[in-house]
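Engineer: I'd like to go over a predicted model; first the sequence, then the structure.
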Amino acid sequence: MSSANEENQHYGKNVSMLQQNGNVKFKRRAEKPKMATTFPEMVKAWPYSTFLIILNEFCQRFANLSTVMGLYFLNVLKLSSGQTTVLINVKKIIGALFALLGSAVADGYIGKFRTILYGTIIYGIGKIILSAVAFEPGGESAVFHPWLDYIGILIILVGNGFIVPCVASFGGDQFEPHQERMISVFFSIFYAAINAGALISTFLLPILRSKPCLGQDSCYPLSFAVSAVFMLVATVIFFAGSGRYNKNPPKGNVFADVYDTVVVALKNKKRSRKERSNWLDYYLDTHICAKNEKCMKLKKRKMDQTLCERERFLDDIRSLIRILVMFAPLPMFWALYDQQYSVWLIQAIQMDIRLWGDVLLLPDMMHFLNPLLTLTFIFLFESFIYPLVSCFVKLTPLRKMVSGGVLAAFAFFVSAAVQLKVNATLPELPPPGHAFVSFINTFDDCSMNITYTGPSSAPSAADDSVVNWRTLHANQSLENSKLLGREELFSVPLGNNTWTIDYRGGECADLDGLDLPKRLNMRFNTERSIYFVAIGPNGAFVGQSDTAKPTGGNGEFSLSVNLALSDITYTGNLALCRLRGDSGTSSGNSSSEEAHPCDPQRAEDFYALESVAPMGSGLKSDLKAKVRYLLQSSSESEQQASLFNFKHIRPGNWGLFYMHNDATDAAHRRLDKSALNVTYSDINIEMHDQGGIYAIIVSGTMEKPRKRVFRAIPPNTVSILWQIPQIAIITAAEILFSIPGYEFAYSQSAPSMKTLLQACWFLTVAIGDMIIIFVTFFHFADMAVQFVAYAVAMLVVIFIFALLAIFYYEYRVNTDESSTDADNDNNDEDEFEEAEELRKIDEKRGPLEAKFEDKAADDEKRNEQNVIKNKKGSGNPTLVPIIERLEKLEKLVERLIAGENRYGNRFADPQHTSHTSDSTNNNGNVQWGQPPPFAGTGAVSQMITEAIINSEQLKEKSTRAVIEKLPEAMDQQAVVEQIAEQCGVKENCRPTFTATQEHGPKEG
């Protein structure tokens, strides 16, 4: 009977007796279903509402605009690279703070479903606002930029903060807790959906952004509009499953509970004279269990008056603090990881994005690699790397995180090496208080010596340590280039500066006829700028170059057109049109489609340089200045040169056209190709380099023009493919750091603290972004130095983290007993009431059960005695009250009987208990399944026994069912023992047993 005793204890967990309204009723608790492990089982048991949650998350990730927002800040809001970095990280910090708020709202007030739904709607509203304002061109004339952009972004952050901390756990809530395998599969699918959405988004949105539209070179409205549409789709998808979701009610505000507990503990510590082992224990000085609802519920549930829920909660807070100490180094990792979307994007803009021919890998498309490599690396690490390393070293989450931190530092050492190569193509600016000056020789056959002679504070020509003169040959210009090893520009202080020029031979032999200046006295007022002095037959003029490389992200170069014609001062409009081939157009003043390739409708193939901005367009004139030529007599000529502003032009073969009308109509709509009146200038500019800054000087006459190209800043020459190693390494670091870190936080936190700890995880990301902002304010002149500083800091922090992992933290195993059971307090009130009633019944049954359990040694003897009594036909009067109770429990018996209502009618109709002698064998034993030959207690015993034999309880090795149903009839143990002896755990067993016949003769 010892085995039967164990079975009885097991069964007591599944069946309870409840006292309600004075009547006893039996309630069979739902047995724990079998966990689905095979694919067919999971398909059958899968809650299909989870696919709506997965689709919702996919659409949200697709709608993420982080990929293109950096370029939007640079090119539309006209922010600097430093301001862009700060704004991107401020956005992430605010998002993390709203995630804390969203988690608190979901847990404490409205639940996860409504939090996600409201967050999705708010998110969509922000997307719509941002899409609408993106239609307005940026610049100083913008009306709605940037304040409406910031409002839209803030609304998006609020919505995202409500969604992020809830959606994954809400998906997990759709499964039964015992379905661990299906939950694991769900999170794998969920994580794959996140990365799939990000993968498509990072690939498609940059392509949409790069398409010209609405007269702009890039189409941010299209990217934002597509994102908004997907967000609206996500809202509809999520709401569609409203009636199918399992919506757990709010569990209480854990944030506030922890805060209040800590505050009370600190206050009590100041007032208390007691010495306690831990400062949190001072909370108990003013705690009274009888006044705490959670404490009383715990005592009732566990049936132990010594328990205190607050003591358990204090233990949970201690575990939280230990984990938060381990979290302290985490922000440094996020400070490195999050630079993919800010600093590394700026680095990508400074690189050559050509793959081959006209195929470009856009800078913001590099974000595409992270989700792609993430999906690949997860498979590689789980399938190959972890099993291989486990053969030599025991892998723990903390060890993986240390390895991830080291890899992150290595990624930044690699990025620093790449940046050193990129630096050679960046603008070299003069020191503060100085300017660079270049000279351009536009003659075909004339050289000149240029000597710097002033001001008085500058080194003299006699100083051999400084070269103050330059020789400039025909069609050449002075240039600084680290790649070519050239440092030719004059670095001069601001103010008045003087040069002398010596012309030699060729076209400039007859100086009297040309009136060329021999001495130039010029004033420069803008520090850290690059000026150029163009010298030609008309004299000399001064222009100023851009120093900032294009940031459009489409491989543009920067070009300024300067007209220095000798026969006319042209101040009309110009157009740069893409040529179809080497000689893609012919000259002439015609508006026919065959005569010119200029099509204002195709913004990627057409750039207008308008000398007068169209009225009401909000645009500025492209004609920067009209300057007079400097002559030999130190006077200025009446003739002027026309200097146009720098334009960011896409690579290709371009033709320069004189445009005799505006490119837009009165409503500011771009004209059709046939309506444009242009004349080809016979000047073409073929430029495939990216990122360079050029000034083209057009001299000669309109009929016979000559062009000279001055390169102020060299082009990008380092391929963007060199970013792949650092991205691959930082992604591997993410696999080793982020995923094990989340595993560590979830597994080591107490059940009551898991939501709070997830919010703290988001907080570490926000602190990491704060580090980026702090470092940005230092204004590192060299990004390579900045990257090295980050890498060294990461190594120091990860070393401290390793020491904490070795000497401070000890892994713990969380069980139900180690938690506060807060979830059960809030979500299982019915179960609690049931347990309370069961406890009352158990108090009455306690002595009988104790007798049954404590006298196991006498079981065999009692069995023999009962068998003898039954053979003699002795009665069992203790069953009489049991019959009355069982007749009131018809529904219970119907539920227990295997086969729907097999014996329910027999209880309802006494005629079913017919007396037939055929149902007994020669030994007087009842044959299973035959009508009983007796009435009264024997019939009831047989029916109950048969019902229990066919029930799931006995199939699961449980004879406790009989004891539960006959708690006061301990003499029936003989029946139970006969069943157990004959059937054991066999299914569909047909035992025979000796019946009692108290109420009539056997032939009855």
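Structural biologist: Ah, there it is. Numbers count the residues shown, from 1 in each chain.
Engineer: correct me, but Asn441 touches Asn449?
Structural biologist: No - Asn441 is beyond contact range of Asn449, at 11.1 Å (criterion: Cβ atoms under 8 Å). The way it works is simple: take the backbone N, C-alpha and C, and place the C-beta from them, glycine included.
Engineer: quick one, which of those two is more surrounded?
Structural biologist: Asn441 (23 against 13; other Cβ atoms under 10 Å).
Engineer: Next up, phi/psi of that one, please.
Structural biologist: With angles defined as degrees, to the nearest 10, Asn441 sits at phi -100, psi 110.
Engineer: give me the beta-bridge partners of it?
Structural biologist: According to DSSP bridges, the residues that bridge with Asn441 are Ile535.
Engineer: Next one, pLDDT for it please.
Structural biologist: Here the pLDDT value assigned to Asn441 is 90.
Engineer: follow-up on the earlier one: now for Asn441 and Asn449: what residues contact both?
Structural biologist: Contact with both Asn441 and Asn449 is made by residues Leu472, according to Cβ atoms under 8 Å, 6 or more residues apart in numbering.
Engineer: Strands along the stretch 501-650 of the chain, start to end?
Structural biologist: Taking DSSP state E, counting those that start in this stretch, the strands of the stretch 501-650 of the chain run over residues 519-524, 530-536, 539-545, 557-563, 573-578, 589-590, 606-609, 623-630, 636-644, 647-649.
Engineer: Under the pLDDT cut-off, which ranges of the stretch 501-650 of the chain? List them.
Structural biologist: For the stretch 501-650 of the chain, applying pLDDT under 70 flags the ranges 509-514, 581-594, 614-619, 633-634.
Engineer: could you redo the last one with a cut-off of 50?
Structural biologist: Applying pLDDT under 50 to the stretch 501-650 of the chain flags the ranges 582-593.
Engineer: before we move on, what about the stretch 751-900 of the chain?
Structural biologist: 816-832, 834-835, 844-857, 867-900.
Engineer: ok but Lys299 is inside a helix, no?
Structural biologist: Yes - when DSSP: H, G, I helix; E, B strand; the rest coil is applied, Lys299 is found to be in a helix.
Engineer: Show the model's pLDDT score for it.
Structural biologist: Note for Lys299: predicted pLDDT of 83.
Engineer: is it true that it touches Asn292?
Structural biologist: No - Lys299 is not in contact with Asn292 according to Cβ under 8 Å; the separation is 10.1 Å.
Engineer: So those two - more neighbours on which side?
Structural biologist: Counted by other Cβ under 10 Å, Lys299 and Asn292 do not tie: Lys299 has more neighbours, with 17 against 14.
Engineer: and that one, what does it touch?
Structural biologist: Counted by Cβ under 8 Å, 6+ apart, Lys299 has contacts 289, 305, 307.
Engineer: For Ile116, state which of these is nearest.
Structural biologist: Distance to Ile116 across the contacts of Lys299 (Cβ to Cβ) is lowest for Leu307, with 35.6 Å.
Engineer: what kind of secondary structure is that closest one in?
Structural biologist: Applying three-state DSSP: Leu307 is coil.
Engineer: So what's the residue count around it?
Structural biologist: Leu307: 15 neighbours (other Cβ under 10 Å).
Engineer: What values do phi and psi take at Met687?
Structural biologist: Torsion angles, degrees, to the nearest 10, at Met687: phi -140, psi 120.
Engineer: Pull the contacting residues for it.
Structural biologist: 557, 559, 649, 651-652, 654, 694.
Engineer: what's the closest of the residues you listed to Ile155?
Structural biologist: Looking across the contacts of Met687 and measuring by Cβ to Cβ, the closest to Ile155 is Ile649, at 36.2 Å.
Engineer: Surely that closest one and Phe557 touch.
Structural biologist: Yes - with contact defined as Cβ under 8 Å, Ile649 and Phe557 form a contacting pair (5.9 Å).
Engineer: So between these two, which is more surrounded?
Structural biologist: Shown here are Ile649 and Phe557; by other Cβ under 10 Å, Phe557 has more neighbours (25 against 22).
Engineer: wait, isn't the more buried one in contact with Phe646?
Structural biologist: No - Phe557 is beyond contact range of Phe646, at 9.8 Å (criterion: Cβ under 8 Å).
Engineer: hey, what's in contact with both of the two?
Structural biologist: Ile693.
Engineer: secondary structure element for Val422?
Structural biologist: Element membership for Val422 (DSSP states H and E) is helix 397-423.
Engineer: chain center to that helix: distance?
Structural biologist: For helix 397-423, the distance from its own C-alpha centre to the chain's C-alpha centre is 21 Å (Cα atoms, centre = their mean, to the nearest Å).
Engineer: Okay, buried residues for it please.
Structural biologist: Within helix 397-423, the residues scored as buried using 16 or more other Cβ atoms under 10 Å are 397-416, 418-420, 422.
Engineer: go on, stretch 563-570?
Structural biologist: For stretch 563-570, by 16+ other Cβ under 10 Å, it's 563-566, 570.
Engineer: Mind putting the residues you listed into TSV with distance to Arg354?
Structural biologist: Below are the buried residues of stretch 563-570 laid out as TSV (distance: Cβ to Cβ, whole Å):
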residue	distance to Arg354
Leu563	31
Ala564	32
Leu565	35
Ser566	38
Tyr570	34
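Engineer: out of the residues you listed, who's nearest Leu520?
Structural biologist: Using Cβ to Cβ, the buried residues of stretch 563-570 come closest to Leu520 at Ala564, 16.0 Å.
Engineer: ok, that closest one to Val792 distance?
Structural biologist: 52 Å (Cβ to Cβ, to the nearest Å).
Engineer: Then Ser103?
Structural biologist: Distance, Ser103 to Val792, using Cβ to Cβ: 35 Å.
Engineer: and if you look at Ala695?
Structural biologist: 41 Å.
Engineer: right, and out of the contacts of Met687, which lies closest to Gly126?
Structural biologist: Ile649 (34.1 Å).
Engineer: in the sheet, who's paired with the residue nearest to that closest one when sequence neighbours are not counted?
Structural biologist: Distance criterion Cβ to Cβ, 6 or more residues apart in numbering; nearest residue to Ile649, sequence neighbours excluded, is Leu559 at 5.1 Å. Counting by DSSP bridges, Leu559 is bridged to Lys647, Tyr694.
Engineer: Quick check: Ser491 is in a strand.
Structural biologist: Yes - Ser491 forms part of a strand when assessed by three-state DSSP.
Engineer: What's the per-residue pLDDT of Ile54 here?
Structural biologist: 90.
Engineer: Now tabulate the strands of the stretch 501-650 of the chain in JSON lines and tack on distance to Asp364.
Structural biologist: Output for the strands of the stretch 501-650 of the chain, formatted as JSON lines (distance: least, Cβ to Cβ, whole Å):
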{"stretch": "strand 519-524", "distance to Asp364": "37"}
{"stretch": "strand 530-536", "distance to Asp364": "29"}
{"stretch": "strand 539-545", "distance to Asp364": "27"}
{"stretch": "strand 557-563", "distance to Asp364": "19"}
{"stretch": "strand 573-578", "distance to Asp364": "24"}
{"stretch": "strand 589-590", "distance to Asp364": "41"}
{"stretch": "strand 606-609", "distance to Asp364": "22"}
{"stretch": "strand 623-630", "distance to Asp364": "30"}
{"stretch": "strand 636-644", "distance to Asp364": "29"}
{"stretch": "strand 647-649", "distance to Asp364": "16"}
